[in-house]
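1. Okay, structure incoming, though there's no sequence with it:
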């Protein structure tokens, strides 16, 4: 009988060690919950920033529409650079390329200048 109890105790100790090794402690769970809450806060603030940027872009687009209408009446419909043929233009024609002044648009600006 004593032998059997000693065997059970050994088995229970081994089993409990395995469970302790695989489970997270309370502090680990608390830290995981805190990091999840922080990630949620960051995500919500990023959503708010992107919504504000979108609203600003929509406002700038709305304000630029009158200029776009004026440019279409002045120059006609815009043509793609690939479709442009300079033989149909009169001898004295001014071509005004419009490029960007924003950062990271070097490829766009060089494409426009090569097309002209």
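-> Thanks, I have it. It should be emphasised that the depicted structure is a prediction, and the values quoted were computed from it without experimental measurement.
2. The top helix by length along the chain: what's the following helix or strand?
-> Using DSSP state H, we find that the single longest helix of the chain is helix 26-75. Of the helices and strands lying after helix 26-75 in sequence (DSSP states H and E), the nearest is helix 106-115.
3. Output the contacting helices and strands for that next one.
-> For helix 106-115, there is no helix or strand it packs on, judged by 3 or more C-beta pairs under 8 Å, 6 or more residues apart in numbering; DSSP states H and E. In short, each C-beta sits where N, CA and C put it, glycine included.
4. residue contacts, residue 72?
-> residue 78 (C-beta atoms under 8 Å, 6 or more residues apart in numbering).
5. re the thing from before, what distance separates the longest helix of the chain from the middle of the whole chain?
-> Put simply, helix 26-75 sits 9 Å off its chain's centre (C-alpha atoms, centre = their mean, to the nearest Å).
6. Can you give me the neighbour number for residue 32?
-> 11 (other C-beta atoms under 10 Å).
7. now residue 113
-> Residue 113 has 10 nearby residues by other C-beta under 10 Å.
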